[in-house]
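**Q** Quick one, fold the following:
(one chain, ligands or ions: 2)
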Amino acid sequence: MKELGLKVMEVIGISLGVDRMHYREFFEDGCSIMRCNYYPSCQHPEDALGTGPHCDPTSLTILHQDQVGGLQVLTNNKWHCVPPRPNAFVVNIGDTFTALSNGKYKSCVHRAVVNERKERRSLAFFLCPKEDKVVRAPEDMIVRDGTKHYPDFTWSDLLLFTQNYYRADHATLHNFTNWILSSPTT
Ligand SMILES: O=C(O)CCC(=O)C(=O)O
Ligand SMILES: [Fe+2]
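**A** Ligands and ions are numbered 1, 2, ... in the order given. Sure, this is the predicted structure:
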């Protein structure tokens, strides 16, 4: 899975006009996470959310879902189902990569809903940087853009924020940025 994530990083690097190996190399010594999600069926699905609306704070997510369905993404203020397709992964951008691309690739708000008939399982692989590596867009991109939209931070800072102070939601990166900027050490 990590190799697939690194390959995607090469393609994204090309799409952004930076060195093809730039992001790949950045993540090569990264610490990835794998999570199994289990959603029991629920008699009142409208009163329950399997996983509430959030952006993944990580960098890139590669998700395998079973054939039950329940994943939804928010676009133009509407929830859209992401129907399961056999032999296909769902790939989405996380907050850390939004910062690494100076806001060009946006993390996507998504959620998982439950249903009254069938339990559901999904398996998520999260590509993350090494904990102490500085998350910062490439220098030539910042120069080209004329501004840097996010403060420097480390993945361990963001992990600490989401595990100890803030439950990941649609506004994690915004609130984390404010937290970093108001922290006495910066
Ligand atoms: O179960 C799903 O389809 C989504 C799970 C998810 O968003 C997550 O694990 O971050
Ligand atoms: Fe997620």
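
**Q** Every contact and neighbour count from this point should use C-alpha atoms.
**A** OK.

**Q** need the residues of this protein near ligand 1, please.
**A** By the rule C-alpha under 6 Å from any ligand atom, the part of the chain lying against ligand 1 is 37, 56, 71, 111-112, 122, 124.

**Q** List buried residues within those.
**A** The neighbour count (16 or more other C-alpha atoms under 10 Å) marks 56, 71, 111-112, 122, 124 as buried among the residues of the chain next to ligand 1.

**Q** Please tabulate these in a markdown table, including the columns secondary structure and pLDDT.
**A** Shown next, in a markdown table, are those (DSSP: H, G, I helix; E, B strand; the rest coil; pLDDT from 0 to 100):
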| residue | secondary structure | pLDDT |
| --- | --- | --- |
| D56 | coil | 96 |
| L71 | strand | 97 |
| R111 | strand | 96 |
| A112 | strand | 96 |
| S122 | strand | 97 |
| A124 | strand | 98 |
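
**Q** Greatest separation within those: which pair is it?
**A** Pairwise distances across those (C-alpha to C-alpha) peak at 14.8 Å, for the pair D56 and S122.

**Q** Could you please name the strands the helix or strand where G52 lies pairs with and the direction of each pair?
**A** Applying DSSP states H and E as the criterion places G52 in strand 51-54. Note on strand 51-54: by DSSP bridges, its sheet partners are strand 110-112 (antiparallel).

**Q** What ranges does this protein have for its helices?
**A** Residue ranges of the helices in the chain, as given by DSSP state H, are 2-15, 22-28, 95-100, 139-145, 155-160, 172-182.

**Q** which of those helices is buried the deepest?
**A** Mean neighbours per residue, mean count of other C-alpha atoms under 10 Å, is largest over the helices of the chain for helix 95-100, with a mean of 24.

**Q** Using CSV, write down the CA coordinates of that one.
**A** Coordinates of the C-alpha atoms in helix 95-100 are reproduced here as CSV (Å, rounded to 0.1, in the frame of the first residue of the first chain):
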residue,chain,number,x,y,z
ASP,A,95,-5.1,18.1,5.4
THR,A,96,-1.3,17.6,5.5
PHE,A,97,-1.1,17.4,1.8
THR,A,98,-3.2,20.6,1.4
ALA,A,99,-0.5,22.4,3.3
LEU,A,100,2.3,20.6,1.3
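
**Q** Give me the mean pLDDT for that helix.
**A** In this model, helix 95-100 has a mean pLDDT of 98.

**Q** Then stretch 28-39?
**A** Confidence for stretch 28-39, expressed as mean pLDDT, is 95.

**Q** what does it rub up against?
**A** Residues outside stretch 28-39 that contact it (C-alpha atoms under 8 Å, 6 or more residues apart in numbering): 2, 6, 50, 114, 119-131.

**Q** let's see it at 10 Å
**A** Outside stretch 28-39, the residues within contact range by C-alpha atoms under 10 Å, 6 or more residues apart in numbering are 1-3, 5-6, 24, 49-51, 58-65, 70, 112-115, 118-133, 155.
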